[in-house]
Every structure is written in structure tokens, then in C-alpha cells.
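Coordinates only, no sequence provided:
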């Protein structure tokens, strides 16, 4: 089980969290998504790991930007 942590900029509320959870949730193999507007943290868990570029693209699709921590 691999968990990747990202720092997201631009999240301000629960709706922001939901948008990111929705987009990242579409990535194949993702089993858990923890996202917090308060801390700006996004943790994505997948049994076989997940490609950073794929996660970052999903976050951008939701309207935010992120970097791998």
C-alpha cells in the first residue's frame, strides 16, 4: 500500500475538498483519499502506488494546483 502526499493551493472550503476528491477518485487503483482545506494536504492511497503526474493533473482538473511533498 503506497500513500503519496501533496500540498494543494487554493482550497478554502468543504466544496473544494469535494471537487478534488471527485477528480482524484476517478484515478484507477485509488483506494483512499484524504483531503483537508484547512491544511492544504492531500493524501492519495493506492495498493500499487499512483503516478504523481496523474494525481497532479486530476487536482488541476478540479481547479487547483498541487506539489508532491
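Nice, thanks for sending it over. Since the model is a prediction, treat every value here as computed from it, not as a measurement.

Beta-bridge partners for the one residue sitting closest to the centre of the chain, please?
The centroid of the chain falls nearest to residue 42 when counting by CA atoms, centre = their mean (4.7 Å). Applying DSSP bridges to residue 42 gives these bridge partners: residue 6, residue 35.

what about residue 5, neighbour count?
Counted with other CB atoms under 10 Å, residues neighbouring residue 5 total 11. Placement of C-beta: from N, CA and C, glycine included.

Residue 46 contacts residue 24, doesn't it?
No - applying CB atoms under 8 Å as the test, residue 46 and residue 24 come out as separate, 10.2 Å apart.

Please enumerate the shared neighbours of the two.
Counting by CB atoms under 8 Å, 6 or more residues apart in numbering, the contacts common to residue 46 and residue 24 are residue 30.

So between those two, which is more surrounded?
Neighbour count, other CB under 10 Å: between residue 46 and residue 24, residue 24 has more, with 23 against 19.

what's the more buried one in contact with, if anything?
Per CB under 8 Å, 6+ apart, neighbours of residue 24: 30, 33, 35, 42, 44, 55, 58, 59, 62.

Look at the first one and say how many residues are nearby.
For residue 30, the neighbour count with other CB under 10 Å is 18.

next one: phi and psi at it?
Note on residue 30: backbone dihedrals following degrees, to the nearest 10 are phi -70, psi 130.

My guess is it contacts residue 46. True?
Yes - look at residue 30 against residue 46 with CB under 8 Å: they come within range, at 5.0 Å.

Okay, the closest residue to residue 29 other than its chain neighbours and residue 35: tell me how far apart.
The spatial neighbour of residue 29 that comes closest, neighbours along the chain excluded (CB to CB, 6 or more residues apart in numbering), is residue 46 at 4.5 Å. Counting by CB to CB, to the nearest Å, the separation of residue 46 from residue 35 is 15 Å.
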